[in-house]
Structures are given as structure tokens and as C-alpha cells.
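fold the stuff below for me.
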Amino acid sequence: MLMGPQNLPDRLECVRRRIEKAAAEAGRHVDSITLLAVTKGQPAQAIRAAAAGGVRDFGESYLQEALDKIAAVGESGLTWHFIGRLQSNKTRPVAEGFAWAHAVDRLKIAQRLAEQRPYYAPPLNVCLQVNVAGEDSKGGVGFAELPALATAVAALPRLKLRGLMCLPPQEDDPGRQRHWFRKLREALDGLNRSGLELDTLSMGMSEDLEAAILEGTTIVRVGTALFGPRPPLDHQASVQ
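Okay, the predicted model is just below:
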């Protein structure tokens, strides 16, 4: 069942309170954390409602659905993030229509994004996805291969390597949640010590955003806590 826009203000306020509380616990300013509303499977109506509530960053994983909704919303001032894993034959629409790509894990993908980014657009912000637990079911570069990939991507034109992203194992224990996020933060710190200037950690979702904030995330990707459970497949990608 789709959440109507009338439900969103309370949910948005609740998520913002969670972010503020975790930021205070971490001794961080709340403005250092961006709320990225994950709207895959949600209609354009939900995006308009979130935008009316002050949300400016939106994340999509399914390319055609995202392109349809960007066109349907038609609102300037929003920042679109592609957070799904990219296939090489689908890089051009991301290079042309998004401000961020969060799940780059291969040099070939980064090279295509760089070649296809329009000359008149600002550099595409890129995060490298790291497979923090070495799970076969998930994409992402391993820690051993990360430095070489980061150095190569940072040198590409038309891209700006901003930082790292992860999809950690699902954990109920806050300590275990923090363990995986800490590994990503330490990897970012290591890259910066080697000479890179990265400023972004894209980690933390509805269930574990507090742990991510305590470990230094700068972008939390929140869908369910804002919009409720994802709608059934036959309702997904509908544009209203």
C-alpha cells in the first residue's frame, strides 16, 4: 500500500529528529549530514510531497523509472542521485541527467561516465561502492583493490571523486552496524592520507542511520522510514 503525501510530514519530522539526535550524540553539526530520500518504487507525487517538506536530494536505483519521474516532477532545485549499480550500456543517461553516481565499482564504468558527461555540466559527483564484507551477492570493490581504483577515477576528467559508499550486511546489533561503517570510514581516511581529498561517506539507511552517523556518514539514504514499505512490483515505476 502506497503511503499518501498526507503521511509524509510526520515521517519526515521523525527521520529528522533521529538524525539530529544521532548528530548530537556524535558531537556533529546536523548540517554535515544530507538526507537522501530514496524514492525507487514511489510515484512522482511522493517526490513532490517530500520536496514540499524541504527535501532536496533524491535517490533512484532503476534507470528508466528514474528518468520518467525526473521528467514528471519537473522541479528545478532538486539534486538527483543514481544509487543503483550501473551497467556499461546505461551510463549515458546517468552521465547526462544526474548530479551523483553512488555505486561505481569498476574503472570501465567511471571511464564511460567521464566520456559521456556533457561539457557544459558540472563534474559528476562519484562515490565508489566498497564491498565491506566481501559478500558475493553484492557489488563493490574490495578493500585491497580500492586504492588503485580510487587513484584512477580521481584522475578522470568530468568526474569528481567525492568518497565511498557501502551496503553492509544487515545487522540488528548497533555495535555490529558500527563495525561495518567504521571499516568504510577507515578506508576513506586511508585514501585521504595517500593524497586524495575525499569528503563523502554514503552509508546508513532507515534501520541503521544512527550507527552510520556515529561513524561519520555525510549522506544517509532513507526510503522505508519516509515512505513506508516499498510498493509491490506491479505498482513500482508508476508515474503520477
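
what about R11, distance to A71?
R11 is 26 Å from A71, where distance means Cβ to Cβ, to the nearest Å. Backbone N, C-alpha and C define where each C-beta goes, glycine included.

correction: the previous question concerned R158.
23 Å.

who has more neighbours out of these two?
Neighbours per residue, other Cβ atoms under 10 Å: of R158 and A71, the larger number sits with R158, 16 against 11.

and G74, what pLDDT?
Here, the pLDDT recorded for G74 equals 88.

residue contacts, it?
For G74, the contact set (Cβ atoms under 8 Å, 6 or more residues apart in numbering) is empty.

likewise P9?
P9 touches G53, counting by Cβ under 8 Å, 6+ apart.

so it lies in a strand, does it not?
No - counting by DSSP: H, G, I helix; E, B strand; the rest coil, P9 is not part of a strand but helix.

tell me how far it lies from R92.
37 Å.

swap in V141?
From V141 to R92 the distance is 22 Å (Cβ to Cβ).

which one's more surrounded, those two?
Using other Cβ under 10 Å as the criterion, V141 and R92 rank with V141 on top: 20 against 13.

show the model's pLDDT score for the residue nearest to the more buried one when sequence neighbours are not counted.
Spatial nearest neighbour of V141, excluding adjacent residues (Cβ to Cβ, 6 or more residues apart in numbering): D105 at 4.7 Å. For D105, the pLDDT comes out at 97.

surely D105 touches K138?
No - judged on Cβ atoms under 8 Å, D105 makes no contact with K138 at a distance of 9.7 Å.

residues shared between the contacts of those two?
Common neighbours of D105 and K138 (Cβ under 8 Å, 6+ apart) are N131.

so how far is S206 from R18?
In terms of Cβ to Cβ, R18 sits 9 Å off from S206.

which neighbours do the two share?
By Cβ under 8 Å, 6+ apart, the residues touching both R18 and S206 are A225.

nice, that's everything, thank you.
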